[in-house]
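**Q** Dropping the sequence and predicted coords here.
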2 protein chains.
Amino acid sequence: MENKPYLTPKQEKVLNFIRKRIGERLPPTIREIGWELGFKSTGTVRDYLRVLIQKGLVRRMNNKSRAIELTERAGFNKIPIIGTVMAGKPNLAYEEIQGYVDSDDLFLGRLGFDDVFALRVKGDSMIDAGILDGDVAIIKKRPNADNNDIVAALLDSNEVTLKRLRNKAGKFHLEAANSNYPPIFEEFKVIGKLITVIRKY
Amino acid sequence: MENKPYLTPKQEKVLNFIRKRIGERLPPTIREIGWELGFKSTGTVRDYLRVLIQKGLVRRMNNKSRAIELTERAGFNKIPIIGTVMAGKPNLAYEEIQGYVDSDDLFLGRLGFDDVFALRVKGDSMIDAGILDGDVAIIKKRPNADNNDIVAALLDSNEVTLKRLRNKAGKFHLEAANSNYPPIFEEFKVIGKLITVIRKY
DNA sequence: TGACAAACCACACATTTGTGTGGTATATAT
DNA sequence: ATATATACCACACAAATGTGTGGTTTGTCA
């Protein structure tokens, strides 16, 4: 869990500008950095980049335009986990950060997008599994799944439903996570497996 | 809900290469596209870019290196919503796509990262709100919140907890979403508001 | 006092990168 | 017949961009 090394305020500004531009999809050129921060010489910017590289926050490729990357150590695109709920004494001033979640990882974990689709959950049939009306379910396409997996299944009636897959004596059926809904024994086809649930407030 | 227009196989290849490179964080130069796809002339690449721009899939900035962007219409970095659970007749062959979720939007919705942190949920005190042990709660830093918001709060005991904020007769207290836990009337400070819950299986 | 880091500038030069002009060949549509 | 789209190439040229050298000033640390 390497920590970000000490940066002077100016160095921090340079790093932040690079970060901002990368977030906006295109890393800056050396001159763009200079223009933004009021440097009149490209040499000045190169000095800053040199220290940022030396401190392990930035990576570059030679002779390639805009080829500036932030390293893990820079800690951007990462969300700090500042403590576990009901445990410890978290500090918002970044002094007791327990770790970081990479925002991309947290979301899809570097899956390709090709085998993934989303279903917006409607109804309360999975409420006991903590899946609520309006949640977005991210599904990885698969023709099968294991016992107890939550799956998206295509029913004979041509509906898609999100349910828990159960194997009772070698025969699969679907179960809601809500006692108000009966298990489904009709014919169905697994189309994918639930990998992530996202809820926005 | 505009659809991707018809592309020839070669045009598709160019688009995919651009997409790949953007995904790898640095859009390609015209010559890099040419090298990858075996074109000996920059003019050829420019021809392709021209048609992709004309078909509304690509945007560019003049005289800026690597300034190639994919438009909404290109449909990348988006996850198709292929139907609502228990409603309709979804088609995995992309013929009945109801829309797309931008993966970034879905996750953080273009917030800056600066005011955001994550808590890993421990315990079952919010289970009735569909927040389970192990879920990641994304919190936006705020010193206050509204009645019924779920907030991260710092207790006098120096613990952070995730609870629902209640306003009873002008006085705020915290409530679990689990009848096994009593409401909290002790002193506390709101440090942020729950904006997203993510659960990975 | 000397060494060193931070924080700058100027400017020449090389390389990369984008642009522009003008081609060729093939197929399909009008 | 000729217009249009696809699918290329070869350059020359200009603009953008990265590199290299050699400075200055200020402050700190030993």
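**A** Received, thanks.

**Q** Would you mind naming what in chain A lies close to DNA strand D?
**A** A:29-32, A:42-43, A:46, A:60, A:62-67 (C-beta under 7 Å from any atom of the strand). For every residue, glycine as well, the C-beta is placed using N, CA and C.

**Q** If we use 6 Å, what do you get?
**A** Within chain A, the positions near DNA strand D by C-beta under 6 Å from any atom of the strand are A:29-31, A:42-43, A:46, A:62-63, A:65-66.

**Q** any weak-confidence spans in chain A?
**A** A:1-3, A:75-114 (pLDDT under 70).

**Q** For the lengthiest helix in it, which outside residues touch it?
**A** Scanning chain A for the longest helix, with DSSP state H as the assignment, gives helix A:9-23. For helix A:9-23, contacts defined as C-beta atoms under 8 Å, 6 or more residues apart in numbering or on different chains pick out A:7, A:27-28, A:32-33, A:36-37, A:45, A:48-49, A:51-52, A:57-58, A:68-70, A:74, A:76, B:25.

**Q** Which residues of chain A lie near DNA strand C?
**A** Residues of chain A found near DNA strand C (C-beta under 6 Å from any atom of the strand) are A:8, A:10-11, A:39-44, A:47, A:51, A:63-65.

**Q** what bridges to residue A:138?
**A** For residue A:138, the beta-bridge partners are residue A:118, residue A:196 (DSSP bridges).

**Q** Tell me which residues touch it, please.
**A** A:108, A:116-118, A:194-198, B:79.

**Q** Is residue A:181 part of a helix or strand, or is it coil?
**A** coil (DSSP: H, G, I helix; E, B strand; the rest coil).

**Q** Go ahead and confirm it touches residue A:128.
**A** No. Contact criterion C-beta atoms under 8 Å: residue A:181 and residue A:128 do not qualify, at 10.0 Å.

**Q** Restricted to buried residues, select the residues of chain A next to DNA strand C in ChimeraX.
**A** Buried members of the residues of chain A next to DNA strand C, defined by 16 or more other C-beta atoms under 10 Å in any protein chain shown, are picked up in ChimeraX with:
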select /A:11,39,44
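
**Q** Reformat the residues of chain A next to DNA strand C as JSON lines; add distance to residue B:138 and secondary structure.
**A** Formatted as JSON lines, the residues of chain A next to DNA strand C follow (distance: C-beta to C-beta, whole Å; DSSP: H, G, I helix; E, B strand; the rest coil):
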{"residue": "A:8", "distance to residue B:138": "31", "secondary structure": "coil"}
{"residue": "A:10", "distance to residue B:138": "31", "secondary structure": "helix"}
{"residue": "A:11", "distance to residue B:138": "29", "secondary structure": "helix"}
{"residue": "A:39", "distance to residue B:138": "36", "secondary structure": "coil"}
{"residue": "A:40", "distance to residue B:138": "41", "secondary structure": "coil"}
{"residue": "A:41", "distance to residue B:138": "41", "secondary structure": "coil"}
{"residue": "A:42", "distance to residue B:138": "39", "secondary structure": "helix"}
{"residue": "A:43", "distance to residue B:138": "41", "secondary structure": "helix"}
{"residue": "A:44", "distance to residue B:138": "38", "secondary structure": "helix"}
{"residue": "A:47", "distance to residue B:138": "37", "secondary structure": "helix"}
{"residue": "A:51", "distance to residue B:138": "33", "secondary structure": "helix"}
{"residue": "A:63", "distance to residue B:138": "40", "secondary structure": "coil"}
{"residue": "A:64", "distance to residue B:138": "35", "secondary structure": "coil"}
{"residue": "A:65", "distance to residue B:138": "35", "secondary structure": "coil"}
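
**Q** Closest one of the residues of chain A next to DNA strand C to residue B:134?
**A** Distance to residue B:134 across the residues of chain A next to DNA strand C (C-beta to C-beta) is lowest for residue A:11, with 37.6 Å.

**Q** can you narrow the residues of chain A next to DNA strand D to ones near chain B?
**A** A:29, A:65-66 (C-beta under 8 Å from any C-beta of the partner chain).

**Q** So which of those residues is the closest to residue A:171?
**A** Checking those against residue A:171 with C-beta to C-beta, the nearest one is residue A:66 at 58.0 Å.

**Q** Now name the helix or strand holding that closest one.
**A** Secondary structure from DSSP states H and E places residue A:66 outside every helix and strand.

**Q** Give me the nearest residue to it, chain neighbours excluded.
**A** Nearest non-adjacent residue to residue A:66, counting by C-beta to C-beta, 6 or more residues apart in numbering or on different chains: residue A:27, 4.5 Å away.

**Q** again with residue A:31
**A** Leaving aside its sequence neighbours, residue A:31 sits nearest to residue A:42 (C-beta to C-beta, 6+ apart; 6.1 Å).
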